[in-house]
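Asker: Sequence and predicted structure, then a few things I'm wondering about:
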Amino acid sequence: DVDAAKNFMDSLANAIAETGTNTNIKDTIKLDIPIESIYIDADGNIVVVSTNPDGSTTETVLTPDGELNNTVVQDADGNVYVVDENNGTQNVAQEFTGYGMQENIIISEENIKTIKNQIIVELIDSIKSKIDINAYSGTNRKYLEGAINQTDYIINNTNIVTYSNMGAVGWYEEGKLYIMYTGNETKDDVKATLFHEYLHHINYLYKFFPYRYSNEDRRDIYVKEDSCFYFGKKTLQGIYGDFILTLGYRVVDENWPDKYSDLEENQKQEVLAYKEQNKDQYNKEICTLGIYRPSNYYRDELSVYEICLTLDGILFNISESKKSIYFDNKSKYEEAIQLSVKFENNNNIKEDGYEK
């Protein structure tokens, strides 16, 4: 499961520039110069050494607003340095790899262990003491009953990782939970991610919404590409995409939003005028390439998102940015499940992805 991929990408793009109050990062300093090296002087200040165009060196003394330890310094080239507990420095290497980004963030094993133990202990305590099972019914109640009864699984199967090229902040793989922790995430967002992935395991155990796997040991969900996955007219978002390609740099220069729904009214009118000018293209139904996943996969996802949002303020306090991503993902899954059900009906496939 790719949980909140956009949140992960944004956090990496900011290069640990913005941190929550619950992270191990105390202060972040951005510089507009490249860094050759960093050392700590006798007064406990951070000294940044940079090379000038004429070959001479300049030393810049930095005094962090917070504690010296775990201060982040980012230079003009995007390199990030973390002042460690021994007043040395650790470089954070970043590599942009196409659509994803791989980051190898150096966080001590002790910090990982501390954050893991704290989050797990607090989350399990909340699951057992704060969920009023009588407030829920149907499948959501079954999910939560299972979650209350299987908390030992969290203790034994949670892996905190500090790097990834998967573009995700959490995933469920080979029967284990993998949770990103870079120091940017709030403790509550990590809890929400962990609980989200845990609920997928609960569904796997109890088969509320069973679905087909291409490799069950790895928990790889079955997918099928079809050149005519569905028939339909292009959506306004799709038309907006064509519109952006047509206008090219003008849209970029004017900083138009990515989503049609976020456009100003005058911008929407431009897109609608573009649609009208090309009505022969956009009024006909087209056969569209798509990827099929079992509709039960989407039912599981939608149930998990609904439960996590329902428990916001009870088990954890999800940040506004993560909540926004959750709502966006829910909308996408709600659209996807409709297409999946149509594909199943048209191809004699059951909701679990197996042929009837």
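Answerer: Structure's in. What do you need? Numbering: from 1, shown residues only.

Asker: Stretch 314-330: how far from the chain's middle?
Answerer: The gap between where stretch 314-330 is centred and where its chain is centred comes out at 11 Å by CA atoms, centre = their mean, to the nearest Å.

Asker: So for the host helix or strand of residue 332, mean pLDDT?
Answerer: Element membership of residue 332, judged by DSSP states H and E, is helix 320-346. Taken as a whole, helix 320-346 has a mean pLDDT of 91.

Asker: Can you tell me which helices and strands it packs against?
Answerer: helix 5-13, strand 224-232, strand 286-292, helix 295-310 (3 or more CB pairs under 8 Å, 6 or more residues apart in numbering; DSSP states H and E). Where you see a C-beta, it was placed from the backbone N, CA and C, and this is true even at glycine.

Asker: How far away from the center of its chain is it?
Answerer: The answer for helix 320-346 is 16 Å, by CA atoms, centre = their mean.

Asker: Go through that helix and flag the buried ones.
Answerer: Neighbour counts using 16 or more other CB atoms under 10 Å place 322-323, 325-326, 329-330, 333, 336-337, 339-340, 342-344 of helix 320-346 among the buried residues.

Asker: quick one: which of those is nearest to residue 158?
Answerer: residue 322 (18.7 Å; CB to CB).

Asker: Now name the helix or strand holding the nearest residue to the closest one once chain neighbours are set aside.
Answerer: Spatial nearest neighbour of residue 322, chain neighbours left out: residue 189 (5.1 Å); criterion: CB to CB, 6 or more residues apart in numbering. Per DSSP H and E, residue 189 falls inside helix 187-206.

Asker: What of residue 143?
Answerer: helix 138-149.

Asker: on that earlier part again, what's the angle between the helix holding residue 332 and strand 224-232?
Answerer: 90 degrees (axes from the mean of the first three to the mean of the last three CA atoms, to 10 degrees).

Asker: how far off helix 295-310 does helix 320-346 point, in degrees?
Answerer: Using the same axes, to 10 degrees: helix 320-346 against helix 295-310 is 160 degrees.

Asker: Now do helix 320-346 against strand 286-292, angle only.
Answerer: Helix 320-346 and strand 286-292 are oriented at 110 degrees to each other (the same axes, to 10 degrees).

Asker: where does this protein dip in pLDDT?
Answerer: Along the chain, segments meeting pLDDT under 70 span 1-37, 39-45, 51-57, 62-109, 163-168.

Asker: one step back: next secondary structure after the helix holding residue 143?
Answerer: helix 151-157.

Asker: strand partners of the helix or strand following that next one, parallel vs antiparallel please.
Answerer: Next along the chain after helix 151-157, taking DSSP H and E as the criterion, comes strand 158-161. The strands beside strand 158-161 in its sheet (DSSP bridges) come out as strand 176-180 (parallel).

Asker: ok so, going back, C-terminal to the helix holding residue 189, what's the next element?
Answerer: strand 213-215.

Asker: helices or strands up against that next one?
Answerer: Packing partners of strand 213-215 (3+ CB pairs under 8 Å, 6+ apart): strand 220-221.

Asker: Sweet, I'm off.
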